[in-house]
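Enquirer: Dropping a prediction and its sequence here:
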Amino acid sequence: MTRTGWKYGAVLLGALIAALGLSARPAEAQTISVHVTQVLASNKGEGVDPTLGALGERLKRAYPYRSFKRAGSSTQTGQVGKTLSFDLKGGMTMTLALLGYQDPTVSMRAAVGNVVQTDLRIQKGHSMILSVPLGEDKLILDISPSVK
């Protein structure tokens, strides 16, 4: 290969690296916040808690219960590789292991004791519903991540 060929190849390689976003700079850690809203679904009583807004109407269409009441909510923050722990109604705990983030999707592993264990992939700005038996009722968890 001629000198001009080598120079041309080096320029192309440099352009390719720049286009792919590869650099010597270390990647910044993404901070992930997860908001969990707890809803008690029951056949005792009737109605949808007005503080649930659109979520309450969505649950009413999806679940065969007559009553949906907010049971709590909380937000926790961590980075990929960390595990968040949420105290739930009924003395249960949900852990969310933050597995990864590839724009726009957050990957997590959710566990509520031996009752629920599942992997979640949720896009920013969206939420996912998990339900956990709680006696005759259901504890519905609306899980919503955001990334900073």
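Expert: Great, that's in hand.
Enquirer: excluding its backbone neighbours, what's nearest Gln117?
Expert: Nearest residue to Gln117 in three dimensions, chain neighbours excluded: Ala111, at 4.7 Å (Cβ to Cβ, 6 or more residues apart in numbering). Quick note: C-beta positions are derived from backbone N, CA and C, even for glycine.
Enquirer: for the one you found, what are its contacts?
Expert: By Cβ atoms under 8 Å, 6 or more residues apart in numbering, the contact set of Ala111 is Met94, Thr95, Ala97, Gln117.
Enquirer: rerun at 7 Å
Expert: Taking Cβ atoms under 7 Å, 6 or more residues apart in numbering, we find Ala111 in contact with Met94, Thr95, Gln117.
Enquirer: For my notes, please list those residues in a markdown table and give neighbour count, distance to Arg66 and pLDDT for each entry.
Expert: Formatted as a markdown table, the contacts of Ala111 follow (neighbours: other Cβ atoms under 10 Å; distance: Cβ to Cβ, whole Å; pLDDT from 0 to 100):
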| residue | neighbour count | distance to Arg66 | pLDDT |
| --- | --- | --- | --- |
| Met94 | 22 | 25 | 98 |
| Thr95 | 15 | 31 | 98 |
| Gln117 | 11 | 29 | 95 |
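Enquirer: In strands, which of those residues fall?
Expert: By the criterion of DSSP state E, membership of the contacts of Ala111 in strands covers Met94, Thr95, Gln117.
Enquirer: Just to be sure, Arg61 is in a helix?
Expert: Yes: under DSSP: H, G, I helix; E, B strand; the rest coil, Arg61 falls within a helix.
Enquirer: I'd like the next helix or strand past the one helix or strand in the chain whose mean pLDDT sits lowest.
Expert: Every helix and strand of the chain was ranked by mean pLDDT, DSSP states H and E. The lowest is helix 3-20, at a mean of 45. Counting by DSSP states H and E, the element after helix 3-20 in chain order, helix or strand, is strand 31-42.
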